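A.B. asks: Just need the structure, nothing else, for what follows:
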Amino acid sequence: MRTLSIDIETFSSVDIKKAGLFKYVQSPDFEILLFAYSVDGGPTQIIDLVKGEQIPIEVLQALADFNVTKHAYNAAFEWYCLSKYFEWDPASWLNAWRCTMFHGLYCGYTAGLGPTAVALGLPNDKRKMSMGTALIKQFCTPTKPTKKNGGRTRTLPHHEPEKWVLFKDYCVQDVEVEKEIERRLSAFPVPEQEQKLWELDQLINARGVKVDQQLIDGALYVDQVSTASLTEEAVKITGLPNPNSAPQLTKWLSSKGVEVENLQKETVSSLVETTEGDVKRALEIRQELSKTSVKKYQAMLIAGCSDGRVRGLLQFYGANRTGRWAGRLVQVQNLPRNYLDTLGHARELVREKKVDALKLIYGNVPDTLSQLIRTAFIPSEGNLLYVSDFSAIEARVIAWLAGEQWRLDVFNTHGKIYEASASQMFGVPIELIKKGNPEYDLRQKGKVAELALGYQGGSGALISMGALNMGLTEEELPDIVRRWRTSNKRIQDLWYSLENAALSVMRDGHPAGVRGLIFARESDIQNGLDFLTVTLPSGRKLFYVKPHLADNSFGKEAIHYYGLNQTTKKWEKVSTYGGKLVENVVQAIARDCLAETLRRLQAVGILPVMHIHDEVVLDEPKETKLEFITDIMGQPISWAPGLPLKGDGFVTSYYMKD
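C.D. replies: As a prediction, this is how the structure comes out:
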């Protein structure tokens, strides 16, 4: 026996979508209902554990044998559930697992079993998929008691025997689909280094991070009191039964001579600046009430395990194609920033539920709660949090990849890229671009240009990045674009070089190399697979599914492929261009730099509790030296000679943005 393909069906009263895998499995009523398996690709068998059937001894032996590879779709689920079922140490057999979902994501497909099967051309029975969802809800989650069902809180096989048979068929079918997906993708294997990184990711997620329960409880209480007070004030001002209702408030504003098309965030912010009196206050209250601060506190509360830790916050390969991590449950990848100088004092007031003091000192209570979200993540008893990140990682990578020497010189010396960019763009000595000098205003132009223009963006990209909110006018944006591009000729060349290389590969089929990247066409005709691939300096590949040439919306010949449309969230044909290819490659290389750091930390016995974009968060003893961590992050990478990396960091008793 060499391989086992596995799918299980389980029960738990915990909502896995809200609380995550780890709390779901740790529930006292967690149970494995069905165990379906296939040995070495053979016919799938199913064991009905609920009815007392036993897993065959040879299968149990294979599960315990590290030399037998276990395949599953979203294997983290089967791995952790079976660890709990057999009371095995999850880490002890992790390296025997292979995740077919991750394999699909690596090859450019989406995460869902059904959508991936469809994208690969497997037969799709939507009715069957819908039925499976209904059966999972019926047998795997608590049942709402009614007179009709006898008041039961759970549906067991004898309650719905015919549906139970269908459920077993569904479980078998999942194994069959998973096997076929793995078979079709086998010609494009996951690199061993990425497999090891997947395993490390599971360990990081299983460890989790401690949260401050007192702060969470205080924040939810403060929000409840503050919301009630603000709503009461809004009712008195407007006379509306529900002043938080957009239609009601829009009508009230109209009666006050203020006509608005919508009450979106930007609209309300603009109106607050131009109105006065009751209208201004009503809009200010809407601003405060619109803060979504407590949703993340609630997510922490729901996902928190009995030991006070939240687990499963990261999704490996969550960002399609580039391989960057995505956030789950609390969504740590998009936490609000904090600006308060007295963050610690605000924390204590919330922990002690002192609403009046918060309002007196900080004014906007919802905004204060929002800024404190990060601080709910805390170290273990006796430890501190060590937070370290790469300084300006994407700007460094694009400079290195393009060979833009003046930028590399900046990163190898003072690192002030915003000031240096403004200096290049406007011909002003960099030493004049400092606070107190009139030329310092140019830094804003350099900053927004750096944030918006590296991937072939224009005036629209500057606006999206907040240029108009920085005091810039729309009329001066084209000049900023022109000046930035003139100052970064090699980056401009990179856009067109990557686009031309991709077009060349599509036209003649021959591989093309650009700046250490290799573009190629890779196919498996027998299984109907066709990819445009980009081999990165690390050896990892980016995959573009079913590539072809067609005119884009501008009537220009362009690369098209099939992928997840970020706007529609559907699997469909999308086009790309030089700047977008550069963005994919730069973000992928930046991700590989972080991956290298995670491996190096693991090698010295350090397991992060979480990481966010280009930042790692460590929960370590107070004796740990910060320089030890930042030095690891700044070490040269063998596959990126000359890439000027720098690790910055700080030590804190609660997570924050320094």
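A.B. asks: Tell me who's in contact with Ala449.
C.D. replies: 421, 425, 462, 480-481, 483-484 (CB atoms under 8 Å, 6 or more residues apart in numbering). Using the backbone N, CA and C atoms, a C-beta is placed for each residue, glycine as well.
A.B. asks: ok, these vs Pro608, which is closest?
C.D. replies: Set against Pro608, the nearest of the contacts of Ala449 by CB to CB is Ser421 (31.8 Å).
A.B. asks: got the phi/psi numbers for the closest residue in space to the closest one that isn't next to it in sequence?
C.D. replies: Closest residue in space to Ser421, ignoring its immediate chain neighbours: Gly446 at 3.9 Å, by CB to CB, 6 or more residues apart in numbering. When read as degrees, to the nearest 10, the backbone of Gly446 gives phi -70, psi -40.
A.B. asks: hey, which helix or strand in this structure has the poorest pLDDT?
C.D. replies: helix 126-140 (a mean of 80; mean pLDDT, DSSP states H and E).
A.B. asks: ok, now how distant is His548 from Val585?
C.D. replies: 21 Å (CB to CB, to the nearest Å).
A.B. asks: what about those two, which has more around it?
C.D. replies: Each of His548 and Val585 has its neighbours counted (other CB atoms under 10 Å); Val585 has more, 24 against 12.
A.B. asks: Just the buried positions in the host helix or strand of Lys546, please.
C.D. replies: Assessed by DSSP states H and E, Lys546 sits inside strand 541-551. Buried residues in strand 541-551, counting neighbours by 16 or more other CB atoms under 10 Å, are found at 541-547.
A.B. asks: ditto for stretch 194-207
C.D. replies: Neighbour-count burial for stretch 194-207 flags 194-195, 197-202, 204-207 (criterion: 16+ other CB under 10 Å).
A.B. asks: biggest separation within those residues, which pair?
C.D. replies: Taking CB to CB, no two of the buried residues of stretch 194-207 sit farther apart than Glu194 and Arg207, at 20.4 Å.
A.B. asks: Helices along the stretch 101-250 of the chain, start to end?
C.D. replies: Applying DSSP state H, counting those that start in this stretch to the stretch 101-250 of the chain gives helices spanning 113-119, 126-140, 161-185, 192-207, 213-238, 246-255.
A.B. asks: residues touching Asp530, list them.
C.D. replies: Going by CB under 8 Å, 6+ apart, Asp530 touches 521-524, 545-547.
A.B. asks: returning to that earlier point: pLDDT for the contacts of Ala449 - can I get that in a markdown table?
C.D. replies: Shown next, in a markdown table, are the contacts of Ala449 (pLDDT from 0 to 100):
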| residue | pLDDT |
| --- | --- |
| Ser421 | 92 |
| Met425 | 92 |
| Leu462 | 91 |
| Ile480 | 92 |
| Val481 | 93 |
| Arg483 | 94 |
| Trp484 | 94 |
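A.B. asks: where do the strands sit along the stretch 301-450 of the chain?
C.D. replies: 309-310, 314-315, 326-327, 377-378, 383-390 (DSSP state E, counting those that start in this stretch).
A.B. asks: middle-most residue in this structure, spatially?
C.D. replies: Ala326 (1.6 Å; CA atoms, centre = their mean).
A.B. asks: Tell me the pLDDT of the nearest residue to it once chain neighbours are set aside.
C.D. replies: Excluding its sequence neighbours, the residue lying closest to Ala326 (CB to CB, 6+ apart) is Gly318, at 2.4 Å. Listed pLDDT for Gly318 reads 92.
A.B. asks: Going forward, the N-terminal residue is numbered 49.
C.D. replies: Yes, from this point I'll number from 49; that puts the last item at Gly366.
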